[in-house]
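Q: what's the 3D shape of this:
(2 chains)
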Amino acid sequence: DTAVSQTPKYLVTQMGNDKSIKCEQNLGHDTMYWYKQDSKKFLKIMFSYNNKELIINETVPNRFSPKSPDKAHLNLHINSLELGDSAVYFCASSQLLGATDTQYFGPGTRLTVL
Amino acid sequence: EDQVTQSPEALRLQEGESSSLNCSYTVSGLRGLFWYRQDPGKGPEFLFTLYSAGEEKEKERLKATLTKKESFLHITAPKPEDSATYLCAVQARGGGNKLTFGTGTQLKVEL
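A: Got it, this is the predicted structure:
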């Protein structure tokens, strides 16, 4: 009964390829997020969605495209992968938008671009 | 721009040796300050939310406090299982719920 799950756990790919990471939450939350954690362990917001609507796009290259088919899922598609995209990507979810609400994180997807 | 600075970057303690981690922040209207714990290879795990200066929260050996400029995470009589990276994050009013994180304090508790 994992609250926030991500697939795959590890992703190794070549430069220039296109890949997707999937995220699902079973908490009944309305808001979902993507964060990127770099090699220095710094976590930074990329996107947030509320009820399938994009709320935050934090100056992320347009090679990154989030898609939310329903409020329980938020996928991240990355085109033309670059070496600098190597990082751990975390999905998170919270109940409310516009309120101080706990964000619950998934286990992360470690992306390695060769 | 919201900023969070955590110190020290790394901390090594003996079991039972109490200490504090610091989180200094600047934010345009604080909605909340969050503490998370992150174990290697895992996602951040929520510990506390603090909303206003003077507030304190406790959980087992951990106590978090908040002032207008910083937060402390006090660890009393730590055990080896408290070893982890502790992350501090702020959420600003009007920021669309985004969390701005510090770079964390890596804590190692030895027997």
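
Q: report the beta-bridge partners for B:Gln38.
A: B:Thr85 (DSSP bridges).

Q: wait, doesn't it sit right on B:Pro44?
A: Yes. The pair B:Gln38 / B:Pro44 is scored as a contact, 4.7 Å apart, by C-beta atoms under 8 Å. Every residue, glycine included, has its C-beta placed from N, CA and C.

Q: who's more crowded, those two?
A: It is B:Pro44, of B:Gln38 and B:Pro44, that has more neighbours when counted by other C-beta atoms under 10 Å in any protein chain shown, with 29 against 21.

Q: and for the more buried one, nearest residue in space, chain neighbours not counted?
A: In space, and not counting its chain neighbours, B:Pro44 is closest to B:Tyr36: 3.8 Å by C-beta to C-beta, 6 or more residues apart in numbering or on different chains.

Q: B:Lys79 contacts B:Glu15, correct?
A: Yes. In this structure, B:Lys79 is within contact of B:Glu15 by C-beta under 8 Å, at 6.0 Å.

Q: right, and A:Asp42 touches B:Leu87 too?
A: Small correction: residue A:42 is Phe, not Asp. No. A:Phe42 is not in contact with B:Leu87 according to C-beta under 8 Å; the separation is 9.7 Å.

Q: what is in contact with the two at once?
A: B:Phe101 (C-beta atoms under 8 Å, 6 or more residues apart in numbering or on different chains).

Q: which one of the two is surrounded by more residues?
A: Per other C-beta under 10 Å, whichever of A:Phe42 and B:Leu87 has more neighbours is B:Leu87, with 26 against 15.

Q: what element comes up after the helix or strand encompassing that one heading to the C-terminus?
A: Counting by DSSP states H and E, the element that carries B:Leu87 is strand B:84-92. Remark: after strand B:84-92, the chain's next helix or strand is strand B:99-101, criterion DSSP H and E.

Q: mind checking the pLDDT average for that following strand?
A: The average pLDDT within strand B:99-101 is 95.

Q: show me what the helix or strand that comes right after it packs onto, helices and strands only.
A: Counting by DSSP H and E, the next helix or strand C-terminal to strand B:99-101 is strand B:105-110. Packed against strand B:105-110 by the contact rule (3 or more C-beta pairs under 8 Å, 6 or more residues apart in numbering or on different chains; DSSP states H and E) you find strand B:10-14, strand B:84-92.
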